[in-house]
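Q: model this:
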Amino acid sequence: LDLSALLIASIIFLPILSFSKEGLSLIINGKFSLGITGKEEILGSLNMLILTSIFGGSLGTINGWLLSNCEFPFKKTLRVCQLIPLAAPAYLMTAILQDVGSIMGFQISGMWWGVLILAISTYPYVFILTNESFNKFGTNQILASRGLGAGPWKSFFKIALPMALPSFITGISLMCMEVMNELGTFELLNIPTISTGIKENWNIDRNPNSGIALSLIALIIVFSLIFIEKLSRRRTKRWSDNPSNTISQSWYLKGYRSYLAIILTSFPALFSLGVPAYWIGLNIDQLQKGFNAEIFILTLRTLGLGLIAALLAIIFSLLVSLSSRWNKSVIINVSTFICGIGYAIPGTVLAIFLLTIINDPNYYLYLLVFGYITRFLTISKGSLDSALERISPNIDNAAKGLGANQLKVINKIQIPLLRGPIFVGTLLVFIDTIKELPISFIIRPTDFDTLSVRLYQYASDERLAEAMLPAILIIILGLIASSTLIPKLENKEN
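A: Numbers count the residues shown, from 1 in each chain. As a prediction, the model looks like this:
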């Protein structure tokens, strides 16, 4: 197990090491260049990060508060509906909006449309974490504030929000990482960002030096986000006595307040599901164009890639997680950390990492699968790690006390208890692989498109309606993935 974990960590770290060598070489030789539009692209990314964080973070926090501490009609249904925006990738929502706009006679383009789409697509990260915090912590303090006559918003700003600050910061960090990873939305809306700059310099202008330079800047931004998140959580620790108190402290909203709460909490779901449904209705006559051999081959190819990446990712995750369970040494902890950093690296940057190892078209397919595994290993590993934390070490010790060796404990006890998390982790990686655009677009071999790439190409050519079936498939798979988070919302105790 330990050897397997070290080997996997070494493989994951290899592209980062190769890229670092290339970047250091550029700096030493004085060839570090951001390209002609590099500064504009960096500024564009920073603007998107700030504006998306403000709007998405506010929406997620307010909805988290309303759906945890206020009572109004349809509350339970609306809580689950907050997960719907995770179903449709931002680039697909952008493409659908642009197609609807062209039919209706207006143009969808520019930064503010990007802020709207990405804020709604990513705000569930803030909602899930702050909603959990509002449900579990500060109960006694809020009850005391109610006894002193404080209303819901005063309790929110004075008590709940400060106690939820660590969760809020973590949610914002996850939002920003998704924004840094985005490519299709920025391309379709003509927003200059680091992702579009990397793709343009590497694929179009054949200027690898500027592509590597922009990738270095993106990496600095991402790791700065991680550092700020860790530092902020350390400085804003909050403790609450009896965090699982189930005494209700909800405020009952009536009249216009109730209607405003319903509108605010239902808007993201209506936008994320209503717009695609309206688009399908407008283009229902184009549905038959999706029934052709090319789309069928694309679908099988994409599903095959997703299945291969998911199975390999869950096997690697199982080896790393079990090794970490049995061995608490520093080297294993470092290996585990390395295996979990892939999701923090934007897809365009990860693609450049891989291409600095070997830029040979004959190996692009292997690099593509390797890229999927590197990026999504964090997801499958997280699913297993959280499950292993709930398995008491006393169970392992009892089995060993009865004479069972490590392999027998794993086969007879741990693997059976991990069947559910293994399935969920595999499913999530499978679906995320199908939706992934940046890695697929940059690394794919010639004439080896995936559903996400083809959807993006059709959107660019204003022929999105011809790819209606793949779009519907991606949305349905996204809804399935989102549904795995429902128990997290429904179970306040866990």
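
Q: tell me the mean pLDDT for stretch 188-207?
A: Rounded to a whole number, the mean pLDDT of stretch 188-207 is 84.

Q: what number of residues lie near residue 184?
A: 25 (other C-beta atoms under 10 Å). For glycine as for every other residue, the C-beta is placed from the backbone atoms N, C-alpha and C.

Q: isn't it right up against residue 96?
A: No - using C-beta atoms under 8 Å, residue 184 is not in contact with residue 96, being 11.7 Å away.

Q: Are there residues contacting both of those two? Which ones?
A: Residues touching both residue 184 and residue 96 (C-beta atoms under 8 Å, 6 or more residues apart in numbering): none.

Q: and the gap between the residue lying closest to residue 55 once chain neighbours are set aside and residue 44?
A: Counting by C-beta to C-beta, 6 or more residues apart in numbering, residue 55 lies nearest to residue 119, which is 4.1 Å off, once chain neighbours are set aside. According to C-beta to C-beta, to the nearest Å, residue 119 stands 16 Å off from residue 44.

Q: Which one's more surrounded, the two?
A: residue 119 (26 against 21).

Q: looking at it, residue 336 is touching residue 325, isn't it?
A: No - using C-beta under 8 Å, residue 336 makes no contact with residue 325, being 10.1 Å away.

Q: The protein: strands as residue ranges?
A: 70-71, 251-252 (DSSP state E).

Q: Tell me the strands beside the first one, with direction?
A: Sheet pairing for strand 70-71, assigned by DSSP bridges, gives strand 251-252 (parallel).

Q: Quick one: distance of the strand it pairs with to the chain centre.
A: From the chain centre to the centre of strand 251-252 is a distance of 33 Å (C-alpha atoms, centre = their mean, to the nearest Å).

Q: Ok, stretch 276-288 next?
A: Using C-alpha atoms, centre = their mean, the offset of stretch 276-288 from its chain centre is 28 Å.

Q: now do the same end-to-end measure for that stretch.
A: By C-alpha to C-alpha, to the nearest Å, the extent of stretch 276-288 from end to end equals 18 Å.

Q: So what touches that stretch?
A: 88, 92-93, 96, 99-100, 103, 465-466, 468-469, 471-472, 475.

Q: and of those residues, the nearest to residue 310?
A: Using C-beta to C-beta, residue 475 is the member of these that sits closest to residue 310, with 19.1 Å.

Q: Relative to residue 377, how far out is that closest one?
A: Counting by C-beta to C-beta - residue 475 and residue 377 are separated by 25 Å.

Q: out of these two, which sits in the busier spot?
A: residue 377 (26 against 23).

Q: Hmm, residue 336 and the more buried one touching each other?
A: No - if you go by C-beta under 8 Å, residue 377 and residue 336 don't touch, sitting 10.8 Å apart.

Q: ok, back up a step: got a list of what the residue nearest to residue 55 touches?
A: Counting by C-beta under 8 Å, 6+ apart, residue 119 makes contact with 51-52, 55-56, 59.

Q: May I ask which of the contacts of stretch 276-288 has the most neighbours?
A: residue 92 (28 neighbours).

Q: on that earlier part again, so can I have JSON lines of the contacts of stretch 276-288 showing pLDDT?
A: Below are the contacts of stretch 276-288 laid out as JSON lines (pLDDT from 0 to 100):
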{"residue": "88", "pLDDT": "86"}
{"residue": "92", "pLDDT": "91"}
{"residue": "93", "pLDDT": "93"}
{"residue": "96", "pLDDT": "92"}
{"residue": "99", "pLDDT": "90"}
{"residue": "100", "pLDDT": "91"}
{"residue": "103", "pLDDT": "86"}
{"residue": "465", "pLDDT": "77"}
{"residue": "466", "pLDDT": "76"}
{"residue": "468", "pLDDT": "82"}
{"residue": "469", "pLDDT": "82"}
{"residue": "471", "pLDDT": "85"}
{"residue": "472", "pLDDT": "86"}
{"residue": "475", "pLDDT": "87"}
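
Q: Quick one: distance of stretch 287-302 to the chain centre.
A: Offset of stretch 287-302 from its chain centre (C-alpha atoms, centre = their mean): 27 Å.

Q: Could you pull out the buried residues of it?
A: 290, 295, 298-299, 302 (16 or more other C-beta atoms under 10 Å).

Q: any idea how far residue 275 is from residue 300?
A: Using C-beta to C-beta, we find residue 300 at a distance of 28 Å from residue 275.

Q: Distance-wise, check residue 467 relative to residue 446.
A: Residue 467 sits 20 Å away from residue 446, going by C-beta to C-beta.

Q: Great, nothing more from me.
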